[in-house]
Structure formats: structure tokens, C-alpha cells
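>>> Take a look and give me a structure for this.
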Amino acid sequence: MDRCLALPVGTSFSLLLMVAAGLPFAIRPAVGQVPEAMPLELEAKIPLGEIRGRIDHLAFDSKRQRIFVAELENGSVGIVDPNRRRVVGTISGLKEPQGVAYVPSTDMLYVASGGDGSVRLFQAEDYAVAGQIDLGEDADNIRVDAATDRVLVGYGRGALAIIDTGTRAKIAEVPLRAHPESFQLAPTSNRVFINLPQMREIAVVDLAANKQVATWPMDSGGNFAMTLDLEAARVLVAFRNPAGLGAFSMRQGDAVGTAEACGDADDLFLDGRRHRIYISCGAGFVDVIDAQADKYQRLAHIPTAPGARTSLFVPAMDRLFVAVPESQRQPAELWVFRPAP
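Model (predicted):
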């Protein structure tokens, strides 16, 4: 990389650039040394069946320990039992399913579809249809606000829908300047941080007022993936143009760190136990970033498969799941990675 990554406009980045420039491409032990264990080890590959095309987001059913796979181009959601390492069911007849989320309080699966702009509800016990909420167009990412029993859905040309899980209806909407990609809720502040890659910015929404209260402009583009480090009060964002990781203060949006990262990132997770960041990329890699100090550093650059950009880290199972689409070289699979101690 030849420049600092994703700093808010006007921020001096010379110091961060010096840090990022010295990051290694991957771990390479010296001649004669015993190679160190990789921070992620491939444990299993679970076949997803005859699934064609792009795979989008994943979700976890904590009650039954099942993984939901949004099979966008196949028009279906796969239901995977990772313990038995097989597909145990499929929900079909959907129009470009993108976002999926499990709501424990109502034992309900929510599926957002980009093709018709709907959010469909299914009972998690038997996957019977339980309702439908029509948002208009391009229903995408979903997040669950457990504290208020609400579901947040990004959709359309720029909006965040707020759904009440009791009435199963949209109760509010927050307008945005562009279509929202990944967004994250900070429970302690009741704020939502939202990636708007078309505008090269992050929108900050106050859920108490149901309105946007701040805008953080970005120098870099392609800010699709995001997660939060609540302990450090930081917003972590993976960028595509140029590829890299940016860390920002949750309070003001100031840039506090950068690191190299793989290309075409679509999902980003924090392993709080190990203070590591996992980034899954369509370029065919998972990157592991050390997040224990202010100086973010890439620990490993692990090959996966082209197009394997979506993933899910499940702390309850201590596993990273990576969705691998079908290609001429391999069938569609869900790869299971075990973090090293």
C-alpha cells in the first residue's frame, strides 16, 4: 500500500501511514525455525448442495446451533447444522435473499430480500411462514436490537427501517443519504453506525430520536464491512478502494489506526477473547488482524476461494464460518475455521 487508509477528511495521517507501511504481508518464519501455528485452522468443509451463484450473509440460531446461509442467486436460505456438518433444511421461493437474522425472544427468523424489498418471517421451530413486511426495494442487512426487541433493516436508496418484533410491523424509518451496507448498533449509547459506500461516509443515527446526528466523511471508498470494538470504543471498517482496515473513535470519528487487508472485503468480525479481527474477502482470503494495541497489525493472510467474501464469527461456538460459492473448481461449501488459542 502507498497511502493511509480511510481517514476522515482533514485528518492528518502521516503517523498512521508510517505504521501501516511497515506491516508484513503474512507470517514467514526464518530459515531453520519451526513455523508458528496459524491463528485460524481449517476444521471442516460442509457441502451446501446444488447452490448456484453468489452467497450473501449468514446468521446463527443460538437455540438450535444452526447457521442460516442467504443463497442470493439461488433464491433460498440454507439451514446448516455445523455439529453434524450437513444441510438440514432449505427455505426456497425467495427473491434474492441478502440479510438474515435470528431473534431469540420470539424464536423467529427474519430474511430480507433485495429482489422484492420484503422482509419475511419464519418460525424457527419448523420454518413455517409467520409474516411479511414490504419495505419497497433492496432490503439488505439486518441487525437485532435485543434491548428493545426491535429489528433494524437497511434498504432502498437510503433508509433504515425499525421493526417491532411483537407486532411484526415497521414502526419507524430513518432516512439516509444512500443505500446502507453493513451497520452496527452500540447498545450503551443507543447509536447505530452505518456504512454508506456510495457517499464515502459513515452515518451515525440516534435511535432514541430516530434521526441521523453525525456524518463521518471517508477518504477511501468501498466501506462495506463494519464491526464494533465496544471495549475500546472503536468502529472498525474494511475498505475496498484501496483495500485496508480503518479504526475510528466511536465518539467523534477520529482515525486511530490502520492495517493492510485483503481485497473485496464484505464481512468483518472482532474476536474479543483473543483481541483479533477476522476479515473475509472476495479476493480469496481471510485476514487476521491483531487488535490488542493501538498499532493494528496483520497476523495472517489465509487463502480461501475466489468470491468467498461473506462470513460469520460465532463466539458461542468459537468458530468462523466462511461461505464459499460454487465455481468450476469446487462446489458451494461452508468452511469452518477454528481459532488458535
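>>> The host helix or strand of L42 packs against which elements?
With elements delineated by DSSP states H and E, L42 resides in strand 40-47, which encompasses its position. With contacts defined as 3 or more CB pairs under 8 Å, 6 or more residues apart in numbering; DSSP states H and E, strand 40-47 has these neighbours: strand 86-91, strand 319-324, strand 333-339. Yep, even glycine has a C-beta here, placed from its N, CA and C like the rest.
>>> Provide the contact partners of the last one at residue level.
It stands for strand 333-339. Judged by CB atoms under 8 Å, 6 or more residues apart in numbering, the contacts made with strand 333-339 from elsewhere in the structure are 39-48, 67, 69, 80, 82, 85, 271, 274, 276, 286, 302, 304, 308, 318-324.
>>> the strands in the stretch 151-300 of the chain, which residues?
Taking DSSP state E, counting those that start in this stretch as the criterion, the stretch 151-300 of the chain contains strands spanning 159-164, 169-175, 183-186, 191-196, 201-206, 211-217, 225-229, 234-240, 243-249, 255-259, 265-271, 276-281, 285-290, 297-303.
>>> who does the fifth one touch, helix- and strand-wise?
This points to strand 201-206. strand 191-196, strand 211-217.
>>> so which of these is the most packed in?
When neighbours are counted by mean count of other CB atoms under 10 Å, the highest per-stretch mean among these falls to strand 191-196, a mean of 24.
>>> Give me the average confidence score over it.
Mean pLDDT, taken over the full extent of strand 191-196, equals 98.
>>> between that strand and strand 234-240, how many degrees?
Here the directions of strand 191-196 and strand 234-240 differ by 10 degrees (axes from the mean of the first three to the mean of the last three CA atoms, to 10 degrees).
>>> one step back: buried residues, the strand holding L42. List them.
If you call a residue buried by 16 or more other CB atoms under 10 Å, then strand 40-47 has these buried ones: L40, L42, I46.
>>> Can I get the residues you listed in a markdown table including pLDDT?
Putting these into a markdown table (pLDDT from 0 to 100) gives the following:
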| residue | pLDDT |
| --- | --- |
| L40 | 98 |
| L42 | 98 |
| I46 | 98 |
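>>> So which residue is smack in the middle of this protein?
D267 (3.4 Å; CA atoms, centre = their mean).
>>> wait, isn't that residue in contact with I279?
Yes - contact criterion CB atoms under 8 Å: D267 and I279 qualify, at 7.4 Å.
>>> anything in contact with each of the two?
Between them, D267 and I279 have A225 as joint contacts when contacts are counted by CB under 8 Å, 6+ apart.
>>> and V9, what pLDDT?
Looking at V9, its pLDDT is 40.
>>> what sits up against stretch 91-101?
56-59, 68-73, 75-77, 79, 109-116, 118, 120, 122, 127, 139-144, 151, 153-154.
>>> Narrow the residues you listed to those in strands?
Under the assignment DSSP state E, the contacts of stretch 91-101 contribute 58-59, 68-71, 76-77, 79, 109-113, 118, 120, 122, 142-144, 151, 153-154 to strands.
>>> Please indicate which of the residues you listed are buried?
With burial judged by 16+ other CB under 10 Å, the buried subset of those is 58-59, 68-71, 76-77, 79, 109-113, 118, 120, 122, 142-144, 151, 153-154.
>>> Enumerate every residue touching the closest residue to I289 other than its chain neighbours.
Taking CB to CB, 6 or more residues apart in numbering as the measure, I289 lies nearest to I277, with 3.9 Å between them; neighbours along the chain are not counted. Going by CB under 8 Å, 6+ apart, I277 touches 227, 236, 245, 268-271, 287-291, 296.
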